[in-house]
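Undergrad: Got a sequence here, can you model it:
(one chain, ligands or ions: 2)
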Amino acid sequence: MELVTEDNITDLAAARWGTAHDPRTAQLLEALVRHLHAFAREVRLTEAEWMAAIQWLNATGQISDDRREEFILASDVLGLSMLVVQMNNRLDPEATPATVLGPFHIDGSPEREYGGDMSDGLPGTPLYVYGTVRDLDGKAVGGALLDVWQADTDGMYEAQVVTDEARLRAKYRSREDGGYCVRTIAPLGYAIPMDGPVGELIHRTDISHFRPAHVHFLVTVDGHEPLITHLFREGTEYLDSDVVFGVKEPLVVAFQEREPGPTPDGGTSDVPFLVAEYDFVLQPTGRS
Ligand code: BEZ
Ligand code: FE
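TA: Numbers count the residues shown, from 1 in each chain. Ligands and ions are numbered 1, 2, ... in the order given. From the prediction side, this is the model:
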């Protein structure tokens, strides 16, 4: 009989979890045990610290529901989400880079026509984001679905306010020539939710809890890798300190000021507005 000691417990626990029936699950659980034990050994985790961590995890679960994703937020601020995104999206350097999904995407947004206004008259500077969807060879990609979402000018997403309506989110389809046009309002930088366990931890550090102004996109179309990304406003605050490590240079786009007059969707505006031109470049499925 092999009795448990401080020296052998890691091997015993890893071997036990390595019996998971699915080989990949066995690999994941065995490695998880080894890394958790290594962490505890490295920092010589005390019982009080272990209990504090358990309570933090409990609180993170308890505050989460179908509108609040505190575990995603925790993963995001720890840099884990972005690491996983990078390892799993080693795209061609010419392709639009991927970033984190974040906790505020909502399924089932309404579809809008080319240039349709997803801000529905909310206060803010009108912004047109437009361009083409194309592939790595420069060929137009028609029929791509662009699922778009963003925060309002108070930094609030739909999931954070009381509403029955889709708010600052919509789906657009690229035309045959690859063209797309989103009408919205200019996003501002905002603070991530700080009233939960993630905020409580961040308050104990010097970490900036802000994200730079951005609009989220999830672009899908047959034959190409799905793309989860953001476009960030050039020159905006927090680009070099994004709390979720999501900024990549090719995703920083100029928001150019325009006087009242013709808009990118072929209409006219009688107030000043902003335009951001960006071509999404998709990676064909299976090409890495
Ligand atoms: C967001 O941009 O919506 C977001 C992403 C990660 C954490 C918090 C917010
Ligand atoms: Fe966001």
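
Undergrad: Per-residue pLDDT of Ala40, please?
TA: At Ala40, the predicted lDDT confidence score is 98.

Undergrad: Kindly export the host helix or strand of it (C-alpha atoms) in CSV.
TA: Under DSSP states H and E, the secondary-structure element containing Ala40 is helix 23-43. What follows is helix 23-43, C-alpha atoms only, in CSV (Å, rounded to 0.1, in the frame of the first residue of the first chain):
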residue,chain,number,x,y,z
PRO,A,23,-7.6,10.7,-23.7
ARG,A,24,-7.7,14.5,-24.1
THR,A,25,-9.7,14.9,-20.9
ALA,A,26,-7.1,12.7,-19.1
GLN,A,27,-4.3,14.9,-20.5
LEU,A,28,-6.0,18.1,-19.4
LEU,A,29,-6.8,16.9,-15.9
GLU,A,30,-3.5,15.3,-15.2
ALA,A,31,-1.7,18.5,-16.3
LEU,A,32,-4.1,20.6,-14.3
VAL,A,33,-3.3,18.6,-11.1
ARG,A,34,0.4,18.9,-11.7
HIS,A,35,0.3,22.7,-12.3
LEU,A,36,-2.1,23.4,-9.4
HIS,A,37,0.2,21.4,-7.1
ALA,A,38,3.3,23.1,-8.5
PHE,A,39,1.7,26.5,-7.8
ALA,A,40,0.8,25.6,-4.2
ARG,A,41,4.4,24.3,-3.7
GLU,A,42,6.0,27.3,-5.3
VAL,A,43,4.2,29.9,-3.1
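
Undergrad: which other residues reach it?
TA: For helix 23-43, contacts defined as Cβ atoms under 8 Å, 6 or more residues apart in numbering pick out 9-10, 13-15, 17-20, 45, 49-50. Every C-beta, even on glycine, is put in place using the N, C-alpha and C of the backbone.

Undergrad: same thing but 7 Å
TA: With contact meaning Cβ atoms under 7 Å, 6 or more residues apart in numbering, helix 23-43 is reached by 10, 13-14, 17-20.

Undergrad: Turn those residues into CSV, including distance to ligand 1, neighbour count and pLDDT.
TA: Formatted as CSV, the entries for those read as follows, by distance: Cβ to the nearest ligand atom, whole Å; neighbours: other Cβ atoms under 10 Å; pLDDT from 0 to 100:
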residue, distance to ligand 1, neighbour count, pLDDT
Thr10, 33, 16, 98
Ala13, 33, 18, 98
Ala14, 32, 17, 98
Trp17, 30, 18, 98
Gly18, 34, 16, 97
Thr19, 36, 9, 98
Ala20, 31, 14, 98
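
Undergrad: for the helix or strand of the chain with the lowest mean pLDDT, packing partners?
TA: Counting by mean pLDDT, DSSP states H and E, the chain has its least confident helix or strand at strand 190-191, which shows a mean of 93. In terms of contacts (3 or more Cβ pairs under 7 Å, 6 or more residues apart in numbering; DSSP states H and E), strand 190-191 is packed against strand 210-211.

Undergrad: Quickly run through the sheet partners of the strand it packs on, with directions.
TA: Taking DSSP bridges as the criterion, strand 210-211 sits next to strand 190-191 (antiparallel) in its sheet.

Undergrad: And the strands in the stretch 1-150 of the chain, which stretches?
TA: With DSSP state E, counting those that start in this stretch, the ranges of strands along the stretch 1-150 of the chain come out as 126-135, 145-149.

Undergrad: Out of these, which is closest to Ala186?
TA: strand 126-135 (4.5 Å; Cβ to Cβ).

Undergrad: residues making contact with the closest one?
TA: Residues external to strand 126-135 that are found in contact with it (Cβ under 7 Å, 6+ apart): 140-141, 144, 174, 178-186, 215, 219, 224, 231, 255, 263-265, 269, 271, 273-282, 284.

Undergrad: average pLDDT across that strand?
TA: In this model, strand 126-135 carries a mean pLDDT of 98.

Undergrad: so how far is it from its chain's centroid?
TA: Averaged C-alpha coordinates place strand 126-135 at 19 Å from its chain's average position (Cα atoms, centre = their mean, to the nearest Å).

Undergrad: Need the CA coordinates for it. PDB is fine.
TA: Only the C-alpha atoms of strand 126-135 are listed here, as PDB (Å, rounded to 0.1, in the frame of the first residue of the first chain):
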ATOM      1  CA  PRO A 126     -22.900  59.100 -35.500                       C
ATOM      2  CA  LEU A 127     -20.300  56.700 -36.800                       C
ATOM      3  CA  TYR A 128     -20.200  54.700 -40.000                       C
ATOM      4  CA  VAL A 129     -17.900  51.700 -40.000                       C
ATOM      5  CA  TYR A 130     -17.600  50.400 -43.600                       C
ATOM      6  CA  GLY A 131     -15.300  48.600 -46.000                       C
ATOM      7  CA  THR A 132     -15.200  45.200 -47.600                       C
ATOM      8  CA  VAL A 133     -14.900  41.600 -46.400                       C
ATOM      9  CA  ARG A 134     -12.300  39.800 -48.500                       C
ATOM     10  CA  ASP A 135     -10.000  36.800 -48.600                       C
END
